[in-house]
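1. Okay, structure incoming, though there's no sequence with it:
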């Protein structure tokens, strides 16, 4: 699976949009981009995933560049409960789900 | 609540001992995964089972073993414990092999003294 690069940490003001970038310049055509988050010592939580098109659900939006070499997770109105480590993962859909988590981005939402 | 149940939540034991961690997946999920999270290594994939069969192995030590039973619950056995085995152990489940949405339990915190 392709390697991802994320900033180590970010801050965001409460109520503002949090934009978390992820670089995956070696992504292959059949690899999906997944985002998970982990709130302090809890189990990771699935957020969203996509292949080529932008995706939106009740938690977040995922914007994937046209060349698919990078993506951005957007939390439209960050709350204090969104403080967590966010993991960007790329993997081929049919490889059996062995997700390999990197170091992620530690997002702190500031009151 | 993800629907994945892990027991025990906390466990303290001594070096050289053996422990068993248990995981009950979400109702209807056939695949179970085990992850280890220690302070210096992040989330490490250990092993995956699907419908009772081992599907994939990650960074699992030979001292560790796992199995998935006919009722789909899974157990992770850790033996000859060392101080470095102290970590959070997470179980996750998914509906099948290919869906990308894993549901994680709250973890079992193992402390080896």
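-> Ah, there it is. In this text the structure is predicted, and so the values were computed from the model without any measurement.
2. center of the chain, which residue is that?
-> Answering for chain A, as no chain was given. Residue closest to the average C-alpha location in chain A (Cα atoms, centre = their mean): residue A:35, at 3.5 Å.
3. Chain B was what I was after
-> For chain B, by Cα atoms, centre = their mean, the most central residue is residue B:34; offset 3.3 Å.
4. That residue against residue B:76, yeah?
-> Yes - counting by Cβ atoms under 8 Å, residue B:34 touches residue B:76, with 5.1 Å between them. (C-beta placed from N, C-alpha, C; glycine too.)
5. who touches both of the two?
-> Here residue B:34 and residue B:76 share the contacting residues B:23, B:46-47, B:66, B:89, B:91, scored by Cβ atoms under 8 Å, 6 or more residues apart in numbering or on different chains.
6. could you redo the residues you listed as a markdown table and give each row neighbour count and secondary structure?
-> Listed next are the shared contacts of residue B:34 and residue B:76 as a markdown table, based on neighbours: other Cβ atoms under 10 Å in any protein chain shown; DSSP: H, G, I helix; E, B strand; the rest coil:
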| residue | neighbour count | secondary structure |
| --- | --- | --- |
| B:23 | 26 | strand |
| B:46 | 20 | strand |
| B:47 | 23 | strand |
| B:66 | 23 | strand |
| B:89 | 24 | strand |
| B:91 | 32 | strand |
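7. and residue 82, what does it touch?
-> Just so you know, I chose chain A. A:12, A:18, A:37, A:75, A:107, A:109 are the contacts of residue A:82 under Cβ under 8 Å, 6+ apart.
8. meant chain B, my bad for not saying
-> So residue B:82 contacts B:15, B:112 (Cβ under 8 Å, 6+ apart).
9. separation between it and chain A?
-> Residue B:82 sits 22 Å away from chain A, going by Cβ to the nearest Cβ, to the nearest Å.
10. list the buried ones in the helix or strand hosting residue A:19?
-> Element membership for residue A:19 (DSSP states H and E) is strand A:18-23. By neighbour count with 16 or more other Cβ atoms under 10 Å in any protein chain shown, strand A:18-23 contains the buried residues A:18, A:20, A:22-23.
11. That concludes my questions; thank you for your assistance.
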